[in-house]
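**Q** Provide a 3D model corresponding to the input given below.
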Amino acid sequence: MMSLDSITLYLVATMVAALLGAMMVFFGRQENSPALKWWGTAYLLGAASVALWTAAGDKLGPQLHLALNAVGFVACGMVWNAARVFHGRKPNWPGLVLGALAWVAAVSLLDPAASMLRMMIGAGIVSVYAALTASELWTERRKSQQRRWPALVVPVMHGCVLMLPIVLGSFLRPHDAGFSSSIWVTVFAVELILYAVGTVFVIFMLVSERTVTAHRTAASTDPLTGMLNRRGFSEACGRVIEREAKAGRPVTVMIFDIDHFKSINDRFGHPAGDEMLKLFSTVVVNNLRITDMSGRIGGEEFAALLPCSLEEGVLVAERVREAFETSGVVVDEGPVDTTVSIGVAGGPAGTELEVLLASADTALYQAKRGGRNRVEAAEELPLSLENWRRQSAARIGAPQVRPATA
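**A** Predicted structure coming up:
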């Protein structure tokens, strides 16, 4: 009766795995996700091999029986490789078949009567693949990985369950064959169903998180230059300012405005203007540190936030100005002037980004009035944003002016 229950459980597990595998292959094609295709194919291969082995194990010849087991180990290797592909790594083709080859070699060398030892070796191979899968997910952890604990727990638990007969093997009597043919087979069949469902839950959790992250990145990135857009820049700077405020360190903001950019578009066309924007973004990124924040906050207007003093910020701004001026852009009509005016403003720890940008914008206006292609440092922070808005409106003769971060 126990044997019949075990066979039924195995068949249920294979049907669940096959259904889930077909679903993952389908969604993998719909979403053009190679990782989902790998996972789905692995489930289908594993389900087919286990189903044939369960339904006709006694009727199969030794060679076919060995081949079915080898296919099952290849499926385990595909699950591991799916985790690699999901994180942008190449498949490990030798590792994909190594478990199957190890199984074939072990069975060929072992005494046919050593069924318990063969079961231990097979469980060990699958446990190694489960550990590799968990390791792959752990190696590629991100800050959001704190919410991803099921991605690590599920394969680890699966490996532990498979390792249990190996641990217990030394305590079992050689003639105690009833354990492997009854209790453990039933336990493993139940665990196989739970693992199949749990793994698919983890896979779709990871895919969903990847999709949400991609949309969030797209919403905060300027598509032309690849830099942060206004929204992304403000959010990133807010985190930096908060971090520096806790340490009591000052921050500096600079605003860049490419000189005579409209005339570049008029003379050479918008494609040339786009290339100019991409060139300047490259210059900015190459002259800032990895801890500095930079972004495109307007048409030809860029901004950066540096965790440093105003004096250090002015030196960095001057370095950016010189690098852009000497970039030497030449088109069919001749050389193109590549100059930029920069306003720099610094403030003590905890100064709001809006206040710093308002002050830097005033300094930028002074740089434009002073002849362009120069760096101007703000003398002081504005008393309030409202006063700055009124001053900006008055100097250009407009009734309203949007703040630099609006």
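**Q** just the strands in the protein please.
**A** For the chain, strands defined by DSSP state E occupy the ranges 251-258, 293-296, 301-306, 329-331, 334-336, 340-347, 375-377.
**Q** okay, and for the chain, where does confidence drop off?
**A** When residues are selected by pLDDT under 70, those of the chain lie in 1-7, 10, 54, 56-58, 137-193, 195-196, 210-215, 217-218, 331-334, 380-406.
**Q** so Val251 touches Pro307, yeah?
**A** Yes: with contact defined as CB atoms under 8 Å, Val251 reaches Pro307; the gap is 5.5 Å. In this view, the C-beta of every residue, glycine as well, is placed from N, C-alpha and C.
**Q** neighbour-wise, which of the two wins?
**A** Each of Val251 and Pro307 has its neighbours counted (other CB atoms under 10 Å); Val251 has more, 27 against 20.
**Q** so where do the helices sit in the protein?
**A** Along the chain, the stretches classed as helices by DSSP state H are 2-30, 34-56, 62-86, 93-109, 115-139, 149-169, 178, 184-219, 230-247, 261-268, 270-287, 310-325, 353-369, 385-396.
**Q** Please identify the deepest-packed of those helices.
**A** Most buried of the helices of the chain by mean neighbour count (mean count of other CB atoms under 10 Å) is helix 353-369; its value is a mean of 22.
**Q** and that helix with helix 310-325, angle?
**A** Put simply, helix 353-369 runs at 50 degrees to helix 310-325, going by axes from the mean of the first three to the mean of the last three CA atoms, to 10 degrees.
**Q** Who are the packing partners of helix 353-369?
**A** helix 230-247, strand 251-258, strand 301-306, strand 340-347, strand 375-377, helix 385-396 (3 or more CB pairs under 8 Å, 6 or more residues apart in numbering; DSSP states H and E).
**Q** For Ile342, find the nearest of the helices of the chain.
**A** Nearest to Ile342 among the helices of the chain is helix 310-325 (4.5 Å), distances taken as CB to CB.
**Q** about what we covered before: give the intersection of the neighbour lists for Val251 and Pro307.
**A** Taking CB atoms under 8 Å, 6 or more residues apart in numbering as the criterion, Val251 and Pro307 both touch 240, 244.
**Q** What is the neighbour count of Gly88?
**A** Gly88: 8 surrounding residues under other CB under 10 Å.
**Q** Now it: phi and psi?
**A** Taking degrees, to the nearest 10, you get phi 80, psi 10 for the backbone angles of Gly88.
**Q** and what of the one 3 residues further on?
**A** For Pro91, the backbone dihedrals (degrees, to the nearest 10) come out as phi -60, psi 150.
**Q** ok, now which ones touch it?
**A** Per CB under 8 Å, 6+ apart, neighbours of Pro91: 38, 81, 84-85.
**Q** mind putting the residues you listed in JSON lines, distance to Lys368 included?
**A** Output for these, formatted as JSON lines (distance: CB to CB, whole Å):
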{"residue": "Trp38", "distance to Lys368": "56"}
{"residue": "Asn81", "distance to Lys368": "57"}
{"residue": "Arg84", "distance to Lys368": "52"}
{"residue": "Val85", "distance to Lys368": "51"}
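**Q** before we move on, the earlier item: of all the strands of the chain, which lies closest to Leu117?
**A** Of all these, strand 293-296 comes closest under CB to CB, at 59.8 Å.
**Q** Can you lay out the helices of the chain as CSV showing distance to Pro335?
**A** As requested, the helices of the chain are exported to CSV (distance: least, CB to CB, whole Å):
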stretch, distance to Pro335
helix 2-30, 50
helix 34-56, 46
helix 62-86, 47
helix 93-109, 52
helix 115-139, 49
helix 149-169, 54
helix 178, 89
helix 184-219, 36
helix 230-247, 31
helix 261-268, 11
helix 270-287, 12
helix 310-325, 12
helix 353-369, 22
helix 385-396, 31
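**Q** between those helices, which one is nearest to Ile255?
**A** Each of the helices of the chain has some distance to Ile255 by CB to CB; the shortest is helix 353-369, at 4.5 Å.
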